[in-house]
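**Q** Sequence below, structure please.
(2 chains, ligands or ions: 1)
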Amino acid sequence: MGMRNASLDELLNHYDIFDNDFVSDPFPLLDQIRESGCPIAHSDQNGGSWMPTRHAHVVAMAQTPEIFTSREVGVIGLSPESKEGPYGGVRVPPIDSDPPEHHGHRRAILPTFAPQAVAKYESITRDLCNRLIDGFIDNGTADAASDYAQRIPVRVISMILGVPFEMEDDFVDWVRGVLETGLIDREVGLQSRMKIITFFMQQIEDRRANPRDDDLISDLLRLEIDGQPVDDIFVLGACNLMLIAGIDTTWSAIGSSLWHLAHRADHRQQLRDHPDVWPTAVEEMLRVYAPVTMARIVAHDTEFEGCPMQAGDRILMAFPAANRDPRVFESPDQVLLDRENNRHVAFGAGIHRCAGSNLARLELRVALQVWMERIPEFELIDPADVTWKGGQVRGPRRCMVRF
Amino acid sequence: MCAIAAPDVFGSDEIGNAVVLIEGDIPRDLEAAAKRAEGNCPERAIEIRE
Ligand code: HEM
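**A** Alright, predicted model coming up:
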């Protein structure tokens, strides 16, 4: 089905975020829902869900974790198989932890991503970006998504975890297996999940035998929460999270931003002429191309803004829709690189707001700056040939440019 | 966000919640940074009173 031609009624009652039109250009559809009489739509597709689209509603729900829980955060329900077996208990803390456990889980990983802690990755990220560009600059063409954007966050996170980045293609495959293909194809989802868990099990055994003092896996193994040493299931979960939360998301943000710059000569010019605009430009890219949609599960029957919600209902936190709410953003569909006030929720809100945002912002800024230094002028080879993936994380997966 | 926009005004606690680092009036040289933090807080948690 093509959602673009759907009636408003169909959109409000049967929206499908995996529909091709929703993936390639969700914004007109999200606008229609947000500005309709029913800004919290309910669909019977993909197992059923509610979708708040206004900024105020999304923020209010994110701030009420007692009712809107994170026990499942996937936009489609987990398969029962993934909760079974000896590793069925491996989750993705703190993203799918609820209070009271959430606090300890978040506290355990947060120091790794403090502003001072991530600053030391700036020069390494810069070198990495330069080396990637060295590899294709003489060709005159490149896939901005798979030759560049895709390779940056996975290498940075490998370095933080202390795992070989030669395995980057495997990591990317596994993460896409969980977050993209695996949401629809359960078998792929399950296999990808098991590959991640098996890999980190081996890494944990290796660290037990050969402790290191300079990587996150070793740090996690030494950790205590409330005076108790953490168990392997928690360490496995936290490593699982680093791959899942850190790769697809940042890669998508870098890719969407390059896609934008490829067709906006005026913005390339503005960044060259006014480099002081970079900090707000990065926030604006995050606002207009917010890659992530997370879910919540309703704890008990409740009414929210007139919508009767039942225990177990799934909510899709449409951060990309909230980021274009005209009640909060002036000219929301215009990309203003120097936008002064930008209350975007690309990183979420409330207790779960992105713990890796300092690292994500750094990677996004450095990746775009290095590209613009080395390749100041570039364009899409064929706009119709760009492919997007969406659902949980939206971004370009193929984006051929020439320079 | 606020800790990046105005690092001399805001810090964060052990779970990443923002805390205000200064007491009383915002020094003049930090006013612009504090305003920037106010206008960029997604949760409208910052309010600067004259
Ligand atoms: C542009 C890139 C990124 C975006 C747009 C993004 C977005 C988000 C969002 C929307 C949430 C909130 C989830 C919710 O409310 O359920 C979140 C949580 C989280 N993110 Fe990110 N993220 C990005 C990059 C990263 C990176 C690089 C890391 C770390 C390696 C990371 C680690 C986390 C963690 C640990 C949480 C869970 C925090 C908690 O539950 O307390 N993210 N992210």
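**Q** got the contact list for the lengthiest helix in chain B?
**A** Longest helix in chain B, counting residues (DSSP state H): helix B:31-39. The contact list for helix B:31-39 (C-beta atoms under 8 Å, 6 or more residues apart in numbering or on different chains) reads A:340-343, B:1-2, B:5-10, B:26, B:46-48. All C-beta atoms are positioned from the backbone trio N, CA, C, and that covers glycine.
**Q** One more: stretch A:147-156?
**A** Taking C-beta under 8 Å, 6+ apart as the criterion, the residues outside stretch A:147-156 that touch it are A:121, A:124-125, A:128-129, A:132-133, A:135-136, A:142, A:165, A:168, A:171-172, A:246-247, A:249-252, A:254-255, A:258, A:359, A:363, A:367, A:371, A:395-396.
**Q** mind exporting it as PDB, just the C-alpha atoms?
**A** What follows is stretch A:147-156 as a C-alpha-only set of coordinates in PDB (Å, rounded to 0.1, in the frame of the first residue of the first chain):
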ATOM      1  CA  ASP A 147      31.300   4.200   2.300                       C
ATOM      2  CA  TYR A 148      31.300   6.900   4.900                       C
ATOM      3  CA  ALA A 149      28.500   7.500   7.400                       C
ATOM      4  CA  GLN A 150      28.000   3.800   8.100                       C
ATOM      5  CA  ARG A 151      31.700   3.300   9.000                       C
ATOM      6  CA  ILE A 152      32.200   6.000  11.500                       C
ATOM      7  CA  PRO A 153      30.100   5.200  14.700                       C
ATOM      8  CA  VAL A 154      30.800   1.500  14.500                       C
ATOM      9  CA  ARG A 155      34.600   2.100  14.600                       C
ATOM     10  CA  VAL A 156      34.300   4.600  17.500                       C
END
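**Q** isn't A:Gly312 right up against A:His300?
**A** No. A:Gly312 is beyond contact range of A:His300, at 9.4 Å (criterion: C-beta atoms under 8 Å).
**Q** And the two? Which one has more around it.
**A** With other C-beta atoms under 10 Å in any protein chain shown as the criterion, A:Gly312 and A:His300 differ in neighbour count, and A:Gly312 comes out ahead with 14 against 11.
**Q** how close does the closest residue to chain A within chain B get to A:Ile196?
**A** For chain B, the nearest residue to chain A under the criterion C-beta to the nearest C-beta is B:Gly39, separated by 3.5 Å. From B:Gly39 over to A:Ile196 the distance is 40 Å, taken as C-beta to C-beta, to the nearest Å.
**Q** neighbours around A:Pro229, how many?
**A** Neighbouring residues of A:Pro229 were enumerated by other C-beta under 10 Å; the total is 10.
**Q** OK, contacts around it?
**A** Residues in contact with A:Pro229, defined by C-beta under 8 Å, 6+ apart, are A:Leu223.
**Q** which parts of chain A sit against chain B?
**A** Among all residues of chain A, those adjacent to chain B (criterion: C-beta under 8 Å from any C-beta of the partner chain) are A:59, A:63, A:103, A:106-107, A:110, A:114-115, A:283, A:340-345, A:347, A:349-350, A:353, A:355, A:357-358, A:361.
**Q** Spatially nearest residue to residue 6, not counting backbone neighbours?
**A** Defaulting to chain A. Distance criterion C-beta to C-beta, 6 or more residues apart in numbering or on different chains; nearest residue to A:Ala6, sequence neighbours excluded, is A:His14 at 7.6 Å.
**Q** Oops, wrong one, chain B.
**A** The spatial neighbour of B:Ala6 that comes closest, neighbours along the chain excluded (C-beta to C-beta, 6+ apart), is B:Ala33 at 3.7 Å.
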